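K.L.:
just to be clear, the model below is a prediction. Sequence and coordinates:
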Amino acid sequence: MTAFIARRLLATIPVLVLVALFVFLMLRLTPGDPAAIIAGDNASPAQIEDIRERLGLNDPLPTQLVIWSGRLLQGDFGESFFFKKQVSELILQRVEPTLALAVSTMIITLLVAIPLGVIAAWRQGGWIDRVVMGFSVAGFSIPVFVLGYLLIYIFAVELKWLPVQGYRSITAGLWPFLQRLILPSLTLSVIYIALIARITRASVIDVLGEDYIRTAKAKGLPNRTILIRHALRNAAVPIVTIVGIGVALLIGGVVVTESVYNIPGLGRLTVDAVLGRDFPTIQAVILVFSFLYVLINLLIDLSYTLLDPRIRY
Amino acid sequence: MAVPDLVDSAAQAAAASRRPSVLRQMTRHPSVVFGVVVLVTMLLLGLLAPRLGTIDPAGIDPVWRNKRPGTERTVTLPSGETTAFVHRMGTDSLGRDLYSRVIYGARISLVVGLAVAAISVSTGLVIGLLSGYLRWLDGIVMRVMDGLMAIPGILLAIGLVSLWGAGLTTVIIAITVPEIPRVVRLVRSIVLSIREEPYVEAAISIGTPLIPMLYRHVLPNTLAPLLVQGTYVCASAILVEALLSFLGIGIPPETPTWGNIMAEGRVLFQVFPHNILFPGIFLALTILAVNVLGDGLRDTLDPRMAKRF
């Protein structure tokens, strides 16, 4: 087991290195003069030279790579062009809202999607199943921002139940915090629910065909026990895998949702950075999100042995 | 060369006996029919946009800004005569006719969707075929793909667009890059299973060169799954383009795209929701149609996949 964890940890290193290399090369291999592109159309030659200096673009490529990765390993992403402070500091300031949004979305998703998927599988072909499958196709097709505005219009503008936009830290009290988190989390969770409900249904249907399910039924176990203890537990591995892969969707969704709801998190920072041609920040956000994504999937890989003792490494 | 001919004619016979039934199944599948009907409608709207009672989608008119759907006005035609014109979907905050913008917007969405699907599928196909077949290449290619897939697609696209600048071509390429690894993986997995088949062994044993072999024996097996995958790629590309435009980092704002129209309507959304509503409906409906079409194609072309989902 320890050997397995060590091996998996080691295996993620090349992936992380590749991600960093891509992000590094993204700027350097851009056709034309990257400094001029970042500086914009109205920049003076002095400004372009300044940017080139600050990004270290005057050195030969290998030297740049060594300096750049050395700083990266120390958590130094450089100074933001637009916000005029250290990017690492900027990112730390923006983590809280994004974390709150991501966690509440994940909670809503799992609470809704898994029961829906299990019920749909149990009543395969019935009306509940059709509704769930229809919802999952629709959920995949409605763009996050369209849904966001729809929910704002219904619940904030027309019904006035919830605030339109904004974010409050949890230190300002639980209700103001939750109040502003409900709509964004609901918005963001729809596509995720669609994904997870679909895979839950599929893997539970697979398991329901197994002999031990028939045995459990023959023993006269109640349906609930069969579905949860026997079916869902054995269907857990593919579901958890998709939960991990779906984090990419969640990250993409965070960028949009935070813009729609005016939440000052990492997603909003990404968009502001692109609009402000703030390349050090863009780079850092891509790195941070990608590393998180890889790490979450690593944790999920490691959890397989807990979920299914048959899996041994 | 009697043997390859025999193999080919057998393959053709098998294909011929299967083709009509699959095609009939496809044309009768409700998802396929729905998807095709909606898509063809959107395609016609885009193509015939100038003839559908639209006016210049970029024509700014400060007097007529922020009008609600159904507002009537009189316009002077170039010929000099005046005529009544109804802003069916209202106007935006610069006085541009929303109906015209939404109809013209269909063009960009469909072009982006189709272009991204075509480019990513064809590039992914070539890389996947070679990587699945040439062992020495496989390791390197798959590591690169793993690295690319570790970057969430939308972020990668955002990063690329921020460097390459806004524009139709850059948006298409930026959306294509994150999609390629998924196609490569799919093709590679098919190739890996096909290369163990007896008919491929037979072809190798009679000395078929690499390229004809890939083309004749491996490629046909990848077409059905690729068509399905390509449909999903198309849906996701339409979505990502709208999203980039909406965030203000995609197609330049004067071009009418559904994302741009919504970006423009964001500020006054609480008072004039029509700027978000109409393009939103068109966008969601188009993506839904492409996704549903993909599901239908998967059910009919790739029954093994259909059972899994």
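P.N.:
Thanks, I have it.
K.L.:
residue in chain A nearest to chain B?
P.N.:
A:L18 (2.9 Å; Cβ to the nearest Cβ). The C-beta positions use only the backbone N, C-alpha and C, and glycine is treated the same way.
K.L.:
ok, that residue touching B:R143?
P.N.:
Yes: here A:L18 reaches B:R143: they are 6.5 Å apart, a contact under Cβ atoms under 8 Å.
K.L.:
neighbour-wise, which of these two wins?
P.N.:
Neighbour totals were compared for A:L18 and B:R143, and A:L18 leads with 19 against 14 (other Cβ atoms under 10 Å in any protein chain shown).
K.L.:
count the neighbours of A:K84 for me.
P.N.:
The number of residues near A:K84, taken as other Cβ under 10 Å, comes to 9.
K.L.:
any weak-confidence spans in chain B?
P.N.:
Residues of chain B meeting the criterion pLDDT under 70: B:1-20, B:63-64, B:70, B:75-78, B:80, B:87, B:95, B:303-309.
K.L.:
same thing but at 50, please
P.N.:
By pLDDT under 50, the weakly predicted segments of chain B are B:1-2, B:307-309.
K.L.:
remind me, longest helix of it?
P.N.:
helix B:98-133 (DSSP state H).
K.L.:
that one and chain A in contact?
P.N.:
No: using Cβ under 8 Å from any Cβ of the partner chain, helix B:98-133 stays clear of chain A, with a minimum separation of 11.2 Å.
K.L.:
can you list the buried residues in that helix?
P.N.:
Residues of helix B:98-133 classed as buried: B:98-117, B:119-121, B:123-125, B:127-133 (neighbour count, 16 or more other Cβ atoms under 10 Å in any protein chain shown).
K.L.:
with stretch A:90-103 instead?
P.N.:
Within stretch A:90-103, judged by 16+ other Cβ under 10 Å, the buried ones are A:L90, A:I91, A:R94, A:E96, A:P97, A:T98, A:A100, A:L101, A:A102.
K.L.:
now the residues you listed in CSV, with pLDDT and distance to A:R130?
P.N.:
Formatted as CSV, the buried residues of stretch A:90-103 follow (pLDDT from 0 to 100; distance: Cβ to Cβ, whole Å):
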residue, pLDDT, distance to A:R130
A:L90, 88, 47
A:I91, 90, 44
A:R94, 89, 42
A:E96, 90, 41
A:P97, 91, 37
A:T98, 92, 36
A:A100, 91, 35
A:L101, 92, 31
A:A102, 92, 31
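K.L.:
how about the strands of the stretch 101-250 of chain A, start to end?
P.N.:
For the stretch 101-250 of chain A, strands defined by DSSP state E, counting those that start in this stretch do not occur.
K.L.:
quick check: residues of it near chain B?
P.N.:
Near chain B, when you scan the stretch 101-250 of chain A using Cβ under 8 Å from any Cβ, you find A:137-138, A:140-146, A:149-150, A:152-153, A:157, A:164, A:198-199, A:202, A:206, A:247-248.
K.L.:
mind doing that once more with 6 Å?
P.N.:
A:V137, A:F140, A:S141, A:I142, A:P143, A:F145, A:V146, A:Y149, A:Y153, A:V157, A:A202, A:A248 (Cβ under 6 Å from any Cβ of the partner chain).
K.L.:
lowest average confidence, helix or strand, in chain A?
P.N.:
The weakest-scoring helix or strand in chain A, judged by mean pLDDT, DSSP states H and E, is helix A:34-39 (a mean of 75).
K.L.:
need the residues that contact that helix.
P.N.:
A:L27, A:Q47, A:I48, A:I51, A:R52, A:L57, A:R277, A:F279 (Cβ atoms under 6 Å, 6 or more residues apart in numbering or on different chains).
K.L.:
can you select the buried ones from those in PyMOL?
P.N.:
Here is the PyMOL command that selects the buried residues among these (16+ other Cβ under 10 Å):
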select buried, chain A and resi 27+48+51+52+57+277+279
